[in-house]
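In: 3D, please:
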Amino acid sequence: MCPFWSTGSHLKKHRKLPIYVVEYHNEVLPHIYRNIGSKYLPLEGTTIVHFDSHPDMLIPKNMPESYVYEKEKLFEEISIENWMLPGTYAGHFKSLWWIKPPWAKQMEDSCQTFRIGANKNGHIRVDCKENYFISECLVTRSEDLTKTKEVFLGVVTLGEDFDRRVLTKIEQPYILDIDLDFFSTSNPFKEIYSKSNTYTHLKEIYKFQQPKNKEDIFECVQSREKQIGELEAVFKHLQEHKTLPEEVPCGVRELRDCLLKNYKEEEIDWELVHDAGCTCDDTELPHHVSSEEELTVMFERFRGFVEGLKVEPVIVTVSRSTEDDYTPSEDVEKIQEFVLECLRKRFECGEIVLDYQKETE
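Out: Here you go, the predicted structure:
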């Protein structure tokens with residue numbers, strides 16, 4: 001345990017609800033950890049209510065599990081898609097609610113528990129059987145995990161038939177976490193080297209075959225690890241040598257030829273192409289740029305959720321996600337203004353920390 005973190009036995013209370021607005025979603029974590037250190041949040045057992053078009057529940061694949069107790073190393077390792085589960089492994093977060101828009105399909109609505117722990121290589125893994133984790137090779141047998149903790153995962157679509165009973169199940173203390181791409185989101189990889197229809201090629205090259213049953217899961221993980229490892233090596237070779245190795249997975253040669261018909265070699269970042277391919281599994285990243293009418297509908301649904309909360313969060317974290325092209329830039333200010341105004345009307349809010357503005361000063 002880290003000595004600078006509170007045990008949670010004597011928590012302080014903010015006089016007014018703090019709101020932290022960041023650009024990239026992983027930048028909320030230092031604000032959360034400071035609230036743990038200053039005893040507004042407990043060391044263990046916090047709930048996160050996470051509004052987002054993406055789960056953000058991956059894990060830095062090769063990060064030593066010990067980094068969760070060395071916050072500066074941890075902050076260097078995490079990124080927008082994997083900032084939540086390292087803190088869950090450390091015990092800081094116990095219950096995770098993903099509140100998603102109707103167009104987000106990475107996981108189906110459900111309530112379940114799973115275990116998170118360290119594998120034999122000292123990396124963080126889970127025993128959750130969701131394809132979201134399987135396709136990223138993050139699933140390990142329960143008996144092969146050590147230092148395990150139980151995690152609750154609730155996935156809820158904020159649609160027409162939203163079950164308001166969910167509001168009674170959110171346990172204190174909790175963090176209300178909002179990514180503005182919840183209201184409107186684009187898939188920035190869809191347009192990568194678009195003259196060559198690159199994303200369509202990548203979907204075929206990187207496609208993920210779901211396991212047919214539970215018995216196939218671990219064989220499927222091994223197969224997927226091999227597939228991704230081979231592709232990573234090929235694109236790294238391309239980036240360094242500008243030539244293909246002798247043996248390449250199906251479709252890669254055709255993709256390269258197609259790209260070179262439309263782009264100069266020096267214009268192509270092959271490792272970025274691989275990164276884009278890694279987003280292609282059994283579901284694409286969500287892409288739904290909301291119309292004015294759709295934004296109005298999503299605003300009202302969000303307002304209804306916030307007004308229905310029985311108790312207020314300890315803190316609110318907000319991610320703009322526009323610099324990385326997830327929240328459409330033409331809508332981000334309008335969405336942010338609505339979210340902040342909605343929170344001000346529901347809670348007694350303190351001064352809003354616009355962390356993202358510090359980056360541009």
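In: where along the stretch 201-350 of the chain do the strands fall?
Out: 315-319, 349-354 (DSSP state E, counting those that start in this stretch).
In: List of residues touching the last one?
Out: The one in question is strand 349-354. Here strand 349-354 makes contact (C-beta atoms under 8 Å, 6 or more residues apart in numbering) with 14-21, 31, 316, 340, 343. All C-beta atoms are positioned from the backbone trio N, CA, C, and that covers glycine.
In: what angle do it and strand 315-319 make?
Out: Put simply, strand 349-354 runs at 30 degrees to strand 315-319, going by axes from the mean of the first three to the mean of the last three C-alpha atoms, to 10 degrees.
In: export strand 349-354 as PDB, just CAs?
Out: Written as PDB, here are the backbone C-alpha positions of strand 349-354 (Å, rounded to 0.1, in the frame of the first residue of the first chain):
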ATOM      1  CA  CYS A 349     -20.700  23.100  -7.800                       C
ATOM      2  CA  GLY A 350     -17.400  24.700  -7.000                       C
ATOM      3  CA  GLU A 351     -15.100  26.500  -9.400                       C
ATOM      4  CA  ILE A 352     -14.700  24.400 -12.500                       C
ATOM      5  CA  VAL A 353     -11.000  23.400 -13.200                       C
ATOM      6  CA  LEU A 354     -10.500  23.700 -16.900                       C
END
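In: where along the stretch 251-361 of the chain do the helices fall?
Out: Under the criterion DSSP state H, counting those that start in this stretch, the stretch 251-361 of the chain contains helices at 252-262, 270-277, 292-308, 332-346, 355-360.
In: so can I have a markdown table of the ones you listed showing distance to residue 226, mean neighbour count and mean pLDDT?
Out: As requested, those are exported to a markdown table (distance: least, C-beta to C-beta, whole Å; neighbours: other C-beta atoms under 10 Å; pLDDT from 0 to 100):
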| stretch | distance to residue 226 | mean neighbour count | mean pLDDT |
| --- | --- | --- | --- |
| helix 252-262 | 15 | 16 | 97 |
| helix 270-277 | 15 | 20 | 96 |
| helix 292-308 | 40 | 15 | 97 |
| helix 332-346 | 40 | 17 | 98 |
| helix 355-360 | 39 | 13 | 81 |
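In: which stretch among those comes nearest residue 174?
Out: helix 292-308 (12.7 Å; C-beta to C-beta).
In: Quick one: list the elements packing against the closest one.
Out: helix 332-346 (3 or more C-beta pairs under 8 Å, 6 or more residues apart in numbering; DSSP states H and E).
In: Identify the residues contacting the helix it packs on?
Out: 17, 19, 21, 178, 180, 183-184, 295, 299, 302-303, 306-307, 309, 312, 316, 318, 320, 322, 327, 349, 352.
In: what's the answer for stretch 71-80, then?
Out: Counting by C-beta under 8 Å, 6+ apart, 2, 24-26, 29-30, 33, 56, 60, 63, 67-68, 86, 319, 321, 324 sit against stretch 71-80.
In: One more: stretch 246-265?
Out: Contacts for stretch 246-265 (C-beta under 8 Å, 6+ apart): 193, 195-198, 201-202, 204-205, 227, 230-231, 234, 238, 242, 244, 268, 273.
In: Put the alpha carbons of it into CSV.
Out: Extracted as CSV, the C-alpha positions of stretch 246-265 are listed here (Å, rounded to 0.1, in the frame of the first residue of the first chain):
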residue,chain,number,x,y,z
GLU,A,246,9.2,-12.7,-47.1
GLU,A,247,6.2,-14.1,-45.3
VAL,A,248,3.3,-11.8,-44.6
PRO,A,249,-0.3,-12.5,-43.3
CYS,A,250,-3.0,-12.6,-45.9
GLY,A,251,-4.0,-9.2,-47.3
VAL,A,252,-1.0,-7.2,-46.2
ARG,A,253,0.8,-7.2,-49.5
GLU,A,254,-2.4,-6.1,-51.3
LEU,A,255,-2.9,-3.3,-48.8
ARG,A,256,0.7,-2.1,-49.3
ASP,A,257,0.4,-2.1,-53.0
CYS,A,258,-2.9,-0.2,-52.8
LEU,A,259,-1.5,2.4,-50.4
LEU,A,260,1.6,3.0,-52.6
LYS,A,261,-0.6,3.6,-55.7
ASN,A,262,-2.1,6.6,-53.9
TYR,A,263,0.6,7.8,-51.4
LYS,A,264,4.3,8.2,-51.4
GLU,A,265,6.3,5.9,-49.2
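In: quick one: contacts for residue 14?
Out: By C-beta under 8 Å, 6+ apart, the neighbours of residue 14 are 40, 314-315, 350.
In: on that earlier part again, out of the helices of the stretch 251-361 of the chain, which comes closest to residue 101?
Out: With C-beta to C-beta as the yardstick, what comes closest out of these is helix 292-308 (6.6 Å).
In: Which of the contacts of stretch 71-80 fall within helices?
Out: 29-30, 33, 86 (DSSP state H).
In: Out of these, give me the two with the largest separation.
Out: 30 and 86 (13.0 Å).
In: Which one of the two is surrounded by more residues?
Out: It is residue 86, of residue 30 and residue 86, that has more neighbours when counted by other C-beta atoms under 10 Å, with 23 against 16.
In: Could I get the contacting residues of that one?
Out: Counted by C-beta under 8 Å, 6+ apart, residue 86 has contacts 59-60, 63, 67-68, 74, 77-78, 124.
In: Let me know the closest of those residues to residue 217.
Out: Looking across those and measuring by C-beta to C-beta, the closest to residue 217 is residue 59, at 16.9 Å.
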